[in-house]
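# can't give you the sequence, but here's the structure:
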């Protein structure tokens, strides 16, 4: 549930609905044509992007939680249980509370559920690489005859992840000098820390930002000379905007899941977009400071 859904999220939701419909049609088409694809349901786009990368054309994936929504607060839809029952394979994170009810509603004794316990934020490259290994392991359990191929693709994915991290690290090192502090959504703390910021404080969803909590964050922000306030698209895209304005810091909203913003359907596209947004926000703030200094003479 969103509290202040921005226009971009409305467009993303429309695009998501179209993608779900197209995906369902493609899945039906592939199954009827070849009957050889492994049909998998994944709860999030983070899971789905890895399953597609490691499974390749062998696997067709349907995603349950729209990428602009928080999986921790997801409400099951009527068709979810039917989709899971038809698939027979469900991939989920270990923190999603709706999954036991979903499995029960599916009511299929043949259903196999893989709840992946991978600690950390899946956008962080090191976590993504570990998750790739877990996805390959689970797919190998589901299809032992393809285990070797899945493990090989997981190793290839890990190499690709490492290369992308090195590329983005060069951009971040140039844009984010050491000693920069940030306030951020608690859901994005690992990502913001990976980008090179020191974390001065975190906050939760908008309903948790009470006046005393905001006052503490404001005092921390001013004392630490915060450079950036980072909101989470999936749990309050404007929660910290006012705080950033009061502190005089840059403000940015990032997505915790691929597909949250347009043209970010893969992990690397999502991470690249987040890095680009942070660098742009810092640049805009620096330009404004220079302009204000020039006006003051």
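Now that the structure is in, tell me what you want to look at. Note that the structure is a prediction, hence the values are computed from the model and not measured. Numbering: from 1, shown residues only.

# run through the strands of the stretch 101-250 of the chain in chain order.
Applying DSSP state E, counting those that start in this stretch to the stretch 101-250 of the chain gives strands spanning 112-116, 181-185, 198-203, 228-232, 250-254.

# ok, which of the ones you listed comes nearest residue 80?
Minimum separation from residue 80 across the strands of the stretch 101-250 of the chain (Cβ to Cβ) falls at strand 112-116, 13.3 Å. Where you see a C-beta, it was placed from the backbone N, CA and C, and this is true even at glycine.

# partners of the closest one in the sheet?
strand 89-93 (parallel) (DSSP bridges).

# buried stuff in the partner strand?
By 16 or more other Cβ atoms under 10 Å, the buried positions in strand 89-93 come out as 89, 90, 91, 92, 93.

# same question for stretch 62-73.
Those would be 62, 63, 64, 65, 66, 67, 68, 69, 70, 71, for stretch 62-73 by 16+ other Cβ under 10 Å.

# dump those to TSV, plus secondary structure and distance to residue 237.
Listed next are the buried residues of stretch 62-73 as TSV, based on DSSP: H, G, I helix; E, B strand; the rest coil; distance: Cβ to Cβ, whole Å:
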residue	secondary structure	distance to residue 237
62	strand	26
63	strand	20
64	coil	21
65	coil	17
66	coil	14
67	coil	13
68	coil	9
69	coil	12
70	coil	11
71	helix	16
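
# for residue 124, find the nearest of the strands of the stretch 101-250 of the chain.
Of all those, strand 250-254 comes closest under Cβ to Cβ, at 12.5 Å.

# that closest one versus strand 228-232: what angle between them?
20 degrees (axes from the mean of the first three to the mean of the last three Cα atoms, to 10 degrees).

# count of residues packed around the residue nearest to residue 90 when sequence neighbours are not counted?
Distances taken as Cβ to Cβ, 6 or more residues apart in numbering place residue 113 nearest to residue 90, at 4.6 Å, with adjacent residues excluded. A count of neighbours around residue 113, defined by other Cβ atoms under 10 Å, yields 16.

# ok, residue 113 touching residue 100?
No - with contact defined as Cβ atoms under 8 Å, residue 113 does not count as touching residue 100 (9.2 Å).

# sorry, back to before: measure the residue nearest to residue 90 to residue 102 for me?
9 Å (Cβ to Cβ, to the nearest Å).

# give me the common contacts of the two.
residue 90 (Cβ atoms under 8 Å, 6 or more residues apart in numbering).

# show me what residue 41 is bridged to.
Bridge pairing for residue 41 - DSSP bridges - gives residue 62, residue 90.

# from memory it sits against residue 91, does it?
Yes - with contact defined as Cβ under 8 Å, residue 41 reaches residue 91; the gap is 7.1 Å.

# picking up where we left off before, tabulate the strands of the stretch 101-250 of the chain (a markdown table), appending distance to residue 173 and mean pLDDT.
Listed next are the strands of the stretch 101-250 of the chain as a markdown table, based on distance: least, Cβ to Cβ, whole Å; pLDDT from 0 to 100:
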| stretch | distance to residue 173 | mean pLDDT |
| --- | --- | --- |
| strand 112-116 | 31 | 97 |
| strand 181-185 | 16 | 97 |
| strand 198-203 | 15 | 96 |
| strand 228-232 | 16 | 97 |
| strand 250-254 | 18 | 97 |
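
# okay, those in JSON lines with distance to residue 49 next?
Shown next, in JSON lines, are those (distance: least, Cβ to Cβ, whole Å):
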{"stretch": "strand 112-116", "distance to residue 49": "13"}
{"stretch": "strand 181-185", "distance to residue 49": "21"}
{"stretch": "strand 198-203", "distance to residue 49": "26"}
{"stretch": "strand 228-232", "distance to residue 49": "18"}
{"stretch": "strand 250-254", "distance to residue 49": "17"}
